[in-house]
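S.K.: build me a model:
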Amino acid sequence: MTSQSDVITWTRRASESTLGRCCQYLQVGFIGGMVLLVVALGVATLVLSAANGAYEQLAILVLVLLIGGPFSLLYVLPLLDDDTARSSVGTWLDRTGYDRLRPLPAAVSVLAGAIVIVGSVAVAPMAPFVLFLAVVFGTSLGMQPLTSHGEIDPAAGTVRVDGRSFDLEELAAVRGYRLPAVEAVVLRLSYATKTRRVTAPGYVTLPRDVYEEARPLLEAAASETERTSRQSGTERVVLAVFGVGALVGAVGAALFGLERGGNALVILSYVALIAGCFGVGFLALAAREP
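M.R.: Residues are numbered from 1 along each chain as shown. Reported below is the predicted structural model:
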């Protein structure tokens, strides 16, 4: 965090907290485990084809390896040789903090991920797919409150967070929720008009020291703004009905999956998880301030 000419700026990466690093290792482990298994399977197939004299199959495999899609050598090698592509990857790694992961734990997580994937296949053929979605979405949600960058310019009266911006004069209310484990504060922002919420951030994560510095400014701006449009009772009822319906559907899908078992259990458990998340989200929207 830096402050120059009264402009408050901050950059927070998920890798700066233990929870964020765990989420990143989970992602690297599972995705890397999938890549490791695919490479191992490809190498084993090439070796067996050559050993068994299946040269036609070997020729097809080599052709696929050379020109067989977005992961073929003729597609990947030019990207690796391109300075712009390498620079973009490096910038992304630096911004997200993946470049701070240590090689040994990352390698261990990849090996563990491969073992988990193989084991999940024994449970159900669809299990690796559902596990992949759960890991990707779960870790992404876990890292969401841990990653943020932006600036607050009191002179210009603007706030920019993760590429989205709004004017301080549009801010109608601010609620802060402290996350002690990660030394951060999640702000719930409300605006003077409903239409502004479409493009402006609803939640903002700030490092605790940045929040303490910006808190008087944000609260003062909110106290001077009068909200011109509020959520109606009808909207709250509709959201509540959708929320309860989604939760009931989630419970029904989970019970039906337990009754059927096998692949149906895996698929319906995932459906129940998604429906439950939507249900909680709708109820949270219905319960917010009118």
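S.K.: gap between the longest helix along the chain and the chain center?
M.R.: Looking only at the chain and at elements set by DSSP state H, the helix with the highest residue count is helix 18-51. Using CA atoms, centre = their mean, to the nearest Å, we find the averaged C-alpha position of helix 18-51 to lie 21 Å away from the chain's own average C-alpha position.
S.K.: what residues does the helix or strand just after that helix touch?
M.R.: Sequence-wise, the next helix or strand beyond helix 18-51 is helix 55-67, with elements assigned using DSSP states H and E. The set of residues external to helix 55-67 that reach it, using CB atoms under 8 Å, 6 or more residues apart in numbering, is 42, 45-46, 49-50, 72-75. Placement of C-beta: from N, CA and C, glycine included.
S.K.: make a PyMOL selection of the buried ones in those.
M.R.: In PyMOL syntax, the buried subset of the contacts of helix 55-67 is picked out as below (16 or more other CB atoms under 10 Å):
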select buried, resi 49
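S.K.: any idea how far the nearest residue to S49 once chain neighbours are set aside is from L66?
M.R.: Taking CB to CB, 6 or more residues apart in numbering as the measure, S49 lies nearest to L58, with 4.1 Å between them; neighbours along the chain are not counted. L58 sits 13 Å away from L66, taking CB to CB, to the nearest Å as the criterion.
S.K.: and stretch 11-31, which residues are buried?
M.R.: Taking 16+ other CB under 10 Å as the basis for neighbour counts, the residues of stretch 11-31 that come out buried are 12-17, 19-21, 23-30.
S.K.: do stretch 54-66 as well
M.R.: Going by neighbour count (16+ other CB under 10 Å), the buried part of stretch 54-66 is 58, 61.
S.K.: widest-spaced pair of the contacts of helix 55-67?
M.R.: Within the contacts of helix 55-67, A50 and Y75 form the most distant pair, 24.4 Å apart (CB to CB).
S.K.: all helices for the stretch 101-250 of the chain, in order.
M.R.: According to DSSP state H, counting those that start in this stretch, the stretch 101-250 of the chain carries its helices in the segments 103-123, 127-143, 208-223, 233-260.
S.K.: which helices and strands sit right next to the longest one?
M.R.: Read that as helix 233-260. Identification of packing neighbours for helix 233-260 by 3 or more CB pairs under 8 Å, 6 or more residues apart in numbering; DSSP states H and E yields helix 262-287.
S.K.: and if you look at the third one?
M.R.: Under the contact definition 3+ CB pairs under 8 Å, 6+ apart, helix 208-223 sits against strand 7-12, strand 148-153, strand 171-179, strand 184-191.
S.K.: where does pLDDT dip in the stretch 101-250 of the chain?
M.R.: In the predicted model, the stretch 101-250 of the chain carries pLDDT under 70 at residues 181, 193-199, 225-233.
S.K.: could you check the angle the longest helix of the chain makes with strand 7-12?
M.R.: Taking axes from the mean of the first three to the mean of the last three CA atoms, to 10 degrees, helix 18-51 and strand 7-12 form an angle of 40 degrees between their directions.
S.K.: what pLDDT, on average, does helix 18-51 get?
M.R.: For helix 18-51, the mean pLDDT works out to 84.
S.K.: now for that helix, which elements pack on it?
M.R.: If contacts are counted by 3+ CB pairs under 8 Å, 6+ apart, helix 18-51 sits against helix 55-67, helix 103-123, helix 127-143.
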